[in-house]
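Peer 1: Any chance you could fold what I've pasted below:
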Amino acid sequence: MSVVEGLEYENIVQNGPKKIAMATGIDRDTIRAAYEDVRADGSPTEWAVFKFEGSRIMCSARGSDFTEFRTQFADDDRAFGYLRLQMGDEMSKRKKFLFITWVGA
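Peer 2: Predicted coordinates for the structure are as follows:
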């Protein structure tokens, strides 16, 4: 460890790590519409994906096929998914909702 690295380490120990403010914007209307679409019983939409575009979170895709949902998450993505599933048996069927966070490698 060099002297400079040692001094930097001592500075962090004494003063704490440096904090960086990052503003994240949200496309509220589009996200709310996608969320409500997945929640609506009469809607064929079963999932929605929300991704970062720069520092803004946007609804990037919606659909009804789970296979297509799985393809929305790449190794270099930071994303969220909202998914509607039907659970139960012939006597009792219920809708369940999953919120998925994804941070690629």
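
Peer 1: The residue nearest in space to the middle of the chain: what's its closest spatial neighbour, skipping adjacent residues?
Peer 2: Nearest residue to the geometric centre of the chain (C-alpha atoms, centre = their mean): Phe80, 1.8 Å. Of all residues not flanking Phe80 in the chain, Phe50 sits nearest, at 4.4 Å (C-beta to C-beta, 6 or more residues apart in numbering). Just so you know, the C-beta spots here come from the backbone N, C-alpha and C atoms, and that holds for glycine as well.

Peer 1: Wait, Phe69 touches Leu83, no?
Peer 2: Yes: Phe69 is within contact range of Leu83, at 6.6 Å (criterion: C-beta atoms under 8 Å).

Peer 1: Now list whatever residues contact both of the two.
Peer 2: 46-47 (C-beta atoms under 8 Å, 6 or more residues apart in numbering).

Peer 1: wait, isn't the residue nearest to the centre of the chain in contact with Phe73?
Peer 2: No: taking C-beta under 8 Å as the definition, Phe80 is not a contact partner of Phe73, at 9.9 Å.

Peer 1: Find residues that contact each of those two.
Peer 2: Jointly contacting Phe80 and Phe73 under the rule C-beta under 8 Å, 6+ apart are 49, 102.

Peer 1: got the phi/psi numbers for the residue nearest to Phe80?
Peer 2: phi -120, psi 130 (degrees, to the nearest 10).

Peer 1: ok, now which ones touch it?
Peer 2: 31, 34, 57-60, 79-82.

Peer 1: Save the residues you listed as JSON lines, and put in secondary structure, distance to Thr101 and pLDDT too.
Peer 2: Shown next, in JSON lines, are those (DSSP: H, G, I helix; E, B strand; the rest coil; distance: C-beta to C-beta, whole Å; pLDDT from 0 to 100):
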{"residue": "Ile31", "secondary structure": "helix", "distance to Thr101": "15", "pLDDT": "91"}
{"residue": "Ala34", "secondary structure": "helix", "distance to Thr101": "16", "pLDDT": "94"}
{"residue": "Ile57", "secondary structure": "strand", "distance to Thr101": "12", "pLDDT": "89"}
{"residue": "Met58", "secondary structure": "strand", "distance to Thr101": "16", "pLDDT": "90"}
{"residue": "Cys59", "secondary structure": "strand", "distance to Thr101": "15", "pLDDT": "92"}
{"residue": "Ser60", "secondary structure": "strand", "distance to Thr101": "15", "pLDDT": "92"}
{"residue": "Ala79", "secondary structure": "strand", "distance to Thr101": "8", "pLDDT": "91"}
{"residue": "Phe80", "secondary structure": "strand", "distance to Thr101": "6", "pLDDT": "92"}
{"residue": "Gly81", "secondary structure": "strand", "distance to Thr101": "8", "pLDDT": "94"}
{"residue": "Tyr82", "secondary structure": "strand", "distance to Thr101": "11", "pLDDT": "94"}
